[in-house]
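A.B. asks: Just the structure for this:
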Amino acid sequence: MNRLNKIAAPTLLALALFGPAAQAAGLVPPQGYYAGIEKLKSGPSDYKCEAIPKPYTGKLQFRSKYEGSDKARATLNKDSEKAFRESTASITTLERGVSKQVMQYMRDGRPQQLDCALAWLGSWARADALMSTDYNHTGKSMRKWALGSLSASWLHLKFSNSMPLAAHQQEAEQIEKWFARLADQVVKDWSDLPLEKINNHSYWAAWSVMATAVATDRRDLFDWSVKEYRVAANQVDAQGFLPNELKRKQRALAYHNYALPPLAMIASFAQVNGVDVRPENNGALKRLGERVLSGSKDPSPFKAKNGEKQDMDDLKIDSKYAWLEPWCSLYRCSADELERKRDMQPFKSFRLGGDLTRVYDPQAEQKK
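C.D. replies: Have a look, this model is predicted:
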């Protein structure tokens, strides 16, 4: 019996826990997350699971890559960036590794790929990693980024109609309990901030909590994420600018663009669960997206707003526009916007759980 046949005959308990139909009564992700394994590969494989990165259980006190910068936090400090990368290496290795393993499994269906992802996540879950309450701003930022990456990747396994977790119930339960603990801490980390402190970091925190809400069927987490989304939407002014991102001087446009992925994902997840946030603040998300797309062609309105010539380096990277996939599922994108999206596909972002084109536009021609 091959692997898929085994998965197709789970116990009644497994069906109750992991069957897509069973999820209908609770929180759900967009339809694309139900996709099964693309093409089961059989025969010998040279796949090797890399060594599990050591679970990070220490203090979440990290140097900022903008250390020494003024209030704009826009000037990169190369020495502190190097220190930051080194001290957080195991965390980003986990994020990228799990995303890669899950996407490989959803493409090829090799059991070793799934076993690898579960081994990595299980190791960190058993260690109760990333749970330190001794943290600075950069530390709590790493916590929410990691949670968003991992929970979003997990959704592909949790909801796939191939039911890959059916034979791994105990491991899945342990991992999801860890996600839930992390999400509870993220909520504490990012709640009740003054409006002048609420920026893209809060939006990414809200996305990590939304992904976890669906992964663990926690309505309280879902509601918190939607509440934070509404705060964000009401920060968007009539011209589509975010005042707290305009403070980032030459990187204002880049940070407007960086604010869009978590907001578009939250809106997409909210919609499929019966909460339409698109009208919030007179269509704020649409206005923000249009401002960024026009700014990527002509950044002069941003200079007119804050007096700084914009650094366009990030705006030249296709993956930075991954938000177009959920955004164009929420709104009727123009012909020009759809053409830009097609030219940049497929969109892959480990912080959003992998291949978003597979989720939102599965018919699109995949570039290899």
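A.B. asks: show me the contacts for residue 294.
C.D. replies: Shown in contact with residue 294 (C-beta atoms under 8 Å, 6 or more residues apart in numbering): residue 301. Bear in mind the C-beta positions are built from the backbone N, C-alpha and C, glycine included.
A.B. asks: if I look at it, how far off is residue 333?
C.D. replies: From residue 294 over to residue 333 the distance is 14 Å, taken as C-beta to C-beta, to the nearest Å.
A.B. asks: okay, how far is it across stretch 162-171, tip to tip?
C.D. replies: This stretch, stretch 162-171, spans 17 Å end to end (C-alpha to C-alpha, to the nearest Å).
A.B. asks: again but with stretch 191-211, I slipped
C.D. replies: Using C-alpha to C-alpha, the end-to-end distance of stretch 191-211 comes to 17 Å.
A.B. asks: That one: which residues count as buried?
C.D. replies: 198-211 (16 or more other C-beta atoms under 10 Å).
A.B. asks: Distance from that stretch to the middle of the chain?
C.D. replies: Put simply, stretch 191-211 sits 13 Å off its chain's centre (C-alpha atoms, centre = their mean, to the nearest Å).
A.B. asks: Now residue 195: phi and psi?
C.D. replies: phi -60, psi -30 (degrees, to the nearest 10).
A.B. asks: residues contacting it?
C.D. replies: 231, 235.
A.B. asks: Tabulate the buried residues of stretch 191-211 in TSV, adding columns for secondary structure, pLDDT and distance to residue 130.
C.D. replies: Shown next, in TSV, are the buried residues of stretch 191-211 (DSSP: H, G, I helix; E, B strand; the rest coil; pLDDT from 0 to 100; distance: C-beta to C-beta, whole Å):
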residue	secondary structure	pLDDT	distance to residue 130
198	coil	98	23
199	coil	98	22
200	helix	98	20
201	helix	98	16
202	helix	98	18
203	helix	98	20
204	helix	98	15
205	helix	98	14
206	helix	98	18
207	helix	98	16
208	helix	98	11
209	helix	98	14
210	helix	98	18
211	helix	98	15
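A.B. asks: Mind picking the one among those that's closest to residue 138?
C.D. replies: Residue 138 has its nearest neighbour among the buried residues of stretch 191-211 in residue 201, at 9.9 Å by C-beta to C-beta.
A.B. asks: measure the closest one to residue 228 for me?
C.D. replies: From residue 201 over to residue 228 the distance is 11 Å, taken as C-beta to C-beta.
A.B. asks: Give me the common contacts of those two.
C.D. replies: Listed as contacting both residue 201 and residue 228 by C-beta under 8 Å, 6+ apart are residue 190.
A.B. asks: For residue 290, list the residues it contacts.
C.D. replies: For residue 290, the contact set (C-beta under 8 Å, 6+ apart) comprises residue 240.
A.B. asks: and if you look at the one 3 residues further on?
C.D. replies: When contacts are counted by C-beta under 8 Å, 6+ apart, residue 293 touches 337, 340.
A.B. asks: make it 10 Å
C.D. replies: Applying C-beta atoms under 10 Å, 6 or more residues apart in numbering, we find residue 293 in contact with 240, 257, 260, 321, 324, 327, 333-334, 336-337, 340.
A.B. asks: Just want the phi and psi numbers for residue 135.
C.D. replies: Per-residue torsions, residue 135: phi -150, psi 160 (degrees, to the nearest 10).
A.B. asks: what about the closest residue to it other than its chain neighbours, distance to residue 336?
C.D. replies: Spatial nearest neighbour of residue 135, excluding adjacent residues (C-beta to C-beta, 6 or more residues apart in numbering): residue 60 at 3.6 Å. Distance, residue 60 to residue 336, using C-beta to C-beta: 43 Å.
A.B. asks: can you pull the buried residues of stretch 342-356?
C.D. replies: For stretch 342-356, a neighbour-count test (16+ other C-beta under 10 Å) marks 344-356 as buried.
A.B. asks: Just the ones of the residues you listed in strands?
C.D. replies: Members of those lying in strands (criterion: DSSP state E): 348-349, 354-355.
A.B. asks: Let me know the closest of those to residue 81.
C.D. replies: The closest of those to residue 81 turns out to be residue 349 (C-beta to C-beta; 20.5 Å).
A.B. asks: So residue 53 belongs to a helix, correct?
C.D. replies: No. Read with DSSP: H, G, I helix; E, B strand; the rest coil, residue 53 is coil and lies in no helix.
A.B. asks: Redo the buried residues of stretch 191-211 as a markdown table? Include distance to residue 264.
C.D. replies: Below are those laid out as a markdown table (distance: C-beta to C-beta, whole Å):
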| residue | distance to residue 264 |
| --- | --- |
| 198 | 18 |
| 199 | 16 |
| 200 | 13 |
| 201 | 17 |
| 202 | 15 |
| 203 | 10 |
| 204 | 12 |
| 205 | 15 |
| 206 | 12 |
| 207 | 9 |
| 208 | 15 |
| 209 | 16 |
| 210 | 11 |
| 211 | 13 |
